[in-house]
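Structure, please.
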Amino acid sequence: ALLKAWPEAAKQKRSTGNTLLQMVCCIEISFEVTFLLLNTWLSHKENRSKRSIMSLQGYNFNFTGNVKVLFFHLFALYTNDADDPSPNEIMDYFVRIEMWNGVSL
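Next up is the predicted model:
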């Protein structure tokens with residue numbers, strides 16, 4: 001409800017200097033909440049750069065299950081690891097979960 005009423009909340013920085021998404025990445029939280037925050041965060045042009053996206057890697061020590069898979073696909077867009085999925089597989093993943101801001105990266 002907060003993100004619908006105030007989408008800018010996803011990019012607002014807290015007193016610690018972290019965004020809400022960065023703070024959520026530091027704790028184990030549901031896929032649904034993470035999905036909504038990440039999709040909203042990606043809707044802001046300044047968050048769609050390699051630098052912005054890869055900055056989230058420093059917060060990934062609590063990723064599990066579907067959240068881990070989500071960020072694996074996101075980070076794979078900008079890494080060249082042999083184990084990474086292809087760009088088509090990444091796009092298919094974002095389409096399957098209906099994360100449209102991920103599809104358009």
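
tell me the secondary structure for the most centrally placed residue in the chain?
The chain has L38 as the residue nearest its centroid, 4.0 Å off, counting by CA atoms, centre = their mean. Following DSSP: H, G, I helix; E, B strand; the rest coil, we place L38 in the helix state.

so who does the closest residue to it other than its chain neighbours touch?
In this structure, L38 finds its nearest non-sequential neighbour in L21, 6.2 Å apart by CB to CB, 6 or more residues apart in numbering. To be clear about C-beta, it is placed using only N, CA and C from the backbone, and glycine gets the same treatment. Contacts for L21 were tallied using CB atoms under 8 Å, 6 or more residues apart in numbering; they are A10, L37, L38, W41, L56.

what about L21, helix or strand, and which?
Per DSSP states H and E, L21 falls inside helix 20-25.

Which positions in that helix come out as buried?
Judged by neighbour count (16 or more other CB atoms under 10 Å), helix 20-25 contains these buried residues: L20, L21, Q22, V24, C25.

what's the model's confidence in that helix, averaged?
Mean per-residue pLDDT for helix 20-25: 82.

Next: stretch 90-105.
95.

Pull the distance from that stretch to the chain's centre.
Distance, stretch centre to chain centre, for stretch 90-105: 11 Å (CA atoms, centre = their mean, to the nearest Å).

go on, stretch 61-69?
On CA atoms, centre = their mean, the centre of stretch 61-69 falls 11 Å from that of its chain.

First-to-last residue distance for that stretch?
Chord length of stretch 61-69, first to last residue, is 13 Å (CA to CA, to the nearest Å).

Equivalent analysis for stretch 38-56, please.
Taking CA to CA, stretch 38-56 runs 10 Å from one end to the other.
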